[in-house]
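**Student:** Okay, sequence plus prediction incoming.
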Amino acid sequence: MNKYEYLSQPIILGGMTVKNRIFLPPMKTNYIHANHTMSEEIIGYYEKMAIGGIGLITTEAAEVDGDHLYDATILGIFDDAHVEGFKKLADALHKHGTKLSVQLIQGGPFANSKENEGRMPLSSSPIAHIWNPETPIEMTKEDIDMYKDKYAKAALRAQRAGCDAIEIHCAHGHALLGSFLSPLVNHRTDEYGGDVNGRARFLVEVVESVRKAVGDNFPISVRLSANEGEPGGNDVYDTSYIARLLEKAGVNYLHFSNGTLNDLGTLLPPTGTPKALNTIYTDIIKKAVNIPIGCVGRIKEPWVADMLIEQGRLDFVYVGRALIADPEFVKKSFEDNFDDVRPCIGCLTCLATSAAGIFMQCCMNPAIADQSRDQILEAETKKKILVIGGGPAGIEAATTASKRGHNVTLLEKEGALGGQFIIASYPPVKQELAIGLKYMIGQLKKTDCNIMLNTEATESLIREMAPDEIIISTGATAKMPGWITEMKHPNIVSAWDIFKGVTLPGMNVAIVGGGSVGCEVAEFIADRHDYRGLAGRKVTIIEMQNNIDAMDYTANRDYLMSRLQHKPINIITNAKLSTITESCVSYMDENGEHSLNNIDTVIIAMGSDANNSLINVVNNMNIPIHVIGDAKQPRKILNAIEEGRVIANSL
């Protein structure tokens, strides 16, 4: 019997039988053609998940209105020319027993005029969307009738293409239907506004219009925010009532997300947030309806998903980012092989890259943006490969090269593999990064790679080993400017030394640098709660820019900022370090020079420098060398793992 007996059971939704209870939610990839048609890349992306055993896939949102596009990289279902692409996708998934649902959307106030030949966005009320500062046009009754027809025609196209169901997007207080449903946006006083019945009327009529078009035997779902989580927004009881209206209108099952675009940390929960965090709301909603429900949100372990279904809290689960990290998540889980599931570490790289309009990328899975990287083929010529440095770049390079049949040796001067990946997992809430590193080390140890720890790569050792090619993945070192370390203060250390426990901080600490590392080390050493200075450590961040952690555009930053607000951390921005004495740190701002007195520890968090001095050692050996990861240029774990895979595949 399957270990996850509840998760692996089939379920019938409006006459559609889905083989198990794991569904893929809609997530934007940008893998489409310029004319908004389906590409081979997106079909391949979804088919990998079908091969991996998933029950139902919901496509990323598909636009029903070609005149008011959600954005430039939106998938389209607004024209009959789009049917062929959806048919190809449906056929590809059906070969593996996976069902296909198409999510329908219209951009509403999100659709800006620049991408729509000057046509202004439409909405329930003339209130600009937070991400599009254009005042939309308030829709008339005639407009509403026209868009009900657009949704119905789009659903018919999905049905004609052989898709199995459609999902209507009405979540997060955005897009067209969300702008009508949410009291944060809808301030109408006609029959499509006012109380919850008025605000839900357009959505209900769209469902009725779609049902009339596709008939009784084609499943319809709706995606809603279980709780908008904003003052004045829809709460869980509003949503429970809306769910009842939708059930009566003919919806077969419901899909719940949470929050609005005003709070990305709620909508896109980052690493360290609770598991299955939306179920505290769906527990209430489930009691209000008789149709099956599921939800998304940090459900990434099969035992969590199975337990939710066993307890009757959900009928199925939506697993998103975990399937991006490993499209075989379902198959491996059902085969009790979860240790081989490439884990999602909650870094939100996938959502950040897709929101930026580029191909979706995944920190842990370098094949997502380029599917050719998934093919690790046996090398035609087997070589003796020396990988120097056991951080994420070196581990990935050694693993991939070994899988290809090369004779690989990995040298690591420290006593453990991981490099900066270890340090990255130390700050509060970031333990999940250790899960990612554990997986990578586990995969490496399953190969024939010769791993040599506590071994420094000297010239004599390299000559003795006589490799055919060398991969230098020696990472980076913490930047410690000489003019700072030469100051008279007795305790100037790097943030890395604090994380690694090399140095313990004192009770009055100044941190120079307010990027992500500076902010994380501040939280790492600060009291876990703000006791208003009662015997607590004083921590001050000094940052040159006008804001802290300014290079992180994901909800990880939102979550970090919210935590810093509740801890005894003093943040000084637009400030330039001037001098450091034996107990004082001085800085300049627009009002002149200021001093922090009685500072017993100065922590430097000013970035890192590439550690690639070995290049000079091996340059005269007539051995091909490849420099990857931070040794090439300090960047993100994403770049390190990606380069490790790419270089090993090229050898």
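**Tutor:** Yep, that arrived.
**Student:** Using the record's assignment, carve the protein into domains.
**Tutor:** 11-372, 378-478+609-650, 482-606 (automatic domain parsing).
**Student:** Now render the ones you listed as JSON lines, adding mean neighbour count.
**Tutor:** Using the backbone N, CA and C atoms, a C-beta is placed for each residue, glycine as well. Formatted as JSON lines, the domains of the chain follow (neighbours: other CB atoms under 10 Å):
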{"stretch": "domain 11-372", "mean neighbour count": "20"}
{"stretch": "domain 378-478+609-650", "mean neighbour count": "20"}
{"stretch": "domain 482-606", "mean neighbour count": "17"}
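**Student:** Including mean pLDDT, could these go into a markdown table?
**Tutor:** Formatted as a markdown table, the domains of the chain follow (pLDDT from 0 to 100):
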| stretch | mean pLDDT |
| --- | --- |
| domain 11-372 | 95 |
| domain 378-478+609-650 | 96 |
| domain 482-606 | 92 |
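**Student:** Tabulate those domains (TSV), appending distance to residue 2.
**Tutor:** Listed next are the domains of the chain as TSV, based on distance: least, CB to CB, whole Å:
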stretch	distance to residue 2
domain 11-372	5
domain 378-478+609-650	23
domain 482-606	34
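**Student:** residue contacts, residue 183?
**Tutor:** The neighbourhood of residue 183, defined by CB atoms under 8 Å, 6 or more residues apart in numbering, consists of 199, 232, 233, 234.
**Student:** Dig out what the residue nearest to residue 619 when sequence neighbours are not counted forms beta bridges with.
**Tutor:** Among residues not flanking residue 619 along the chain, residue 625 sits closest, at 7.5 Å (CB to CB, 6 or more residues apart in numbering). Judged by DSSP bridges, the bridge partners of residue 625 are residue 470.
**Student:** residue boundaries of the strands in the stretch 1-150 of the chain?
**Tutor:** Assigned by DSSP state E, counting those that start in this stretch, the strands in the stretch 1-150 of the chain fall at 11-13, 16-18, 22-24, 56-58, 62-63, 75-76, 99-105, 122-123, 137-138.
**Student:** Tell me the secondary structure of residue 570, please.
**Tutor:** Here residue 570 is recorded as strand under DSSP: H, G, I helix; E, B strand; the rest coil.
**Student:** give the contact list for residue 25.
**Tutor:** Residues near residue 25 by CB under 8 Å, 6+ apart: 58, 255, 257, 296, 318, 319, 320.
**Student:** what about the helices in the stretch 151-300 of the chain?
**Tutor:** Assigned by DSSP state H, counting those that start in this stretch, the helices in the stretch 151-300 of the chain fall at 175-181, 196-214, 236-249, 264-267, 279-286.
**Student:** same thing with the stretch 451-600 of the chain?
**Tutor:** Ranges of helices in the stretch 451-600 of the chain, per DSSP H, counting those that start in this stretch, are 459-465, 482-485, 495-500, 516-525, 555-564.
**Student:** Now residue 603: phi and psi?
**Tutor:** The phi and psi values for residue 603, taken as degrees, to the nearest 10, are phi -110, psi 130.
**Student:** C-alpha coordinates for stretch 209-224, CSV please?
**Tutor:** This file holds the C-alpha atoms of stretch 209-224, laid out as CSV (Å, rounded to 0.1, in the frame of the first residue of the first chain):
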residue,chain,number,x,y,z
SER,A,209,-22.2,32.3,-18.1
VAL,A,210,-19.4,29.8,-18.3
ARG,A,211,-21.5,27.0,-17.0
LYS,A,212,-24.2,27.7,-19.7
ALA,A,213,-21.4,27.7,-22.4
VAL,A,214,-19.6,24.5,-21.4
GLY,A,215,-22.5,22.4,-20.1
ASP,A,216,-23.0,20.5,-16.9
ASN,A,217,-20.1,18.0,-17.3
PHE,A,218,-17.2,20.3,-17.5
PRO,A,219,-15.6,21.1,-14.1
ILE,A,220,-15.3,24.8,-13.0
SER,A,221,-13.2,25.9,-10.1
VAL,A,222,-12.6,29.4,-8.7
ARG,A,223,-9.5,30.7,-6.9
LEU,A,224,-10.2,33.0,-4.0
